[in-house]
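Participant: Everything below, folded, please.
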Amino acid sequence: MTDTLPQIRKFLESTNIEFEIMDCDPNMADTQVFCKEYNIKLEDSVNAIIVKTKTGELKYVTCALLATNRLNINNVIRKKLEARKVSFANAAETIKLTNMEIGGVTPFTLPDNLPIWIDSKIMNRDYVILGGGNRSSKIKISPKIFNFTNNTEIVENLAN
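Facilitator: Here you go, the predicted structure:
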């Protein structure tokens, strides 16, 4: 049986929120493929995406949104980051910042200097499916977990 990373499991257990670690074939870790293969609704799945500024001071933020939505880059993220242009961090930057591979990034146990913005629509779900910190697991949990994550802000219209 596959597990999440030890520090993520320790964090989850410390919250006393019920969770399930789901096995995932690493070749099926990308959200669209995972949902189709494991019969999971896209509207219950969350993508965690690292966004960075392209102009001005280099800043990074982790954005979490439902898989059925798209980030509101121009109207929300760019303005909140106070940048003229923003883009997605590449795979190497993502690994360096999070110690997690694309397809497994989760908003748990990230460095304190990496803000986490959660789209408010996530908080309306009964549960969500998130990356497990690796490509071989996913985490099923209540969105109430974001009351326990550091440096987290619930953002209206982060995604649409």
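
Participant: in the protein, which spans are helices?
Facilitator: Assigned by DSSP state H, the chain shows helices spanning 6-15, 31-38, 78-81, 91-98.

Participant: shaky segments in the chain?
Facilitator: 1-2 (pLDDT under 70).

Participant: show me where it has strands.
Facilitator: Under the criterion DSSP state E, the chain contains strands at 19-23, 46-53, 60-66, 86-88, 116-119, 128-131, 137-141, 152-155.

Participant: most packed of these?
Facilitator: Of all the strands of the chain, strand 128-131 carries the top mean neighbour count, a mean of 26, counting by mean count of other C-beta atoms under 10 Å. Every C-beta, even on glycine, is put in place using the N, C-alpha and C of the backbone.

Participant: now what about stretch 109-126, what contacts it?
Facilitator: Outside stretch 109-126, the residues that touch it by C-beta atoms under 8 Å, 6 or more residues apart in numbering are 5, 7-8, 11, 43-44, 46, 50, 60-66, 69, 77, 80, 97-98, 107, 128, 133, 142-143, 146, 149-159.

Participant: switch the cut-off to 7 Å
Facilitator: For stretch 109-126, contacts defined as C-beta atoms under 7 Å, 6 or more residues apart in numbering pick out 7-8, 11, 44, 46, 60-66, 69, 97-98, 107, 128, 143, 146, 149-156, 158-159.
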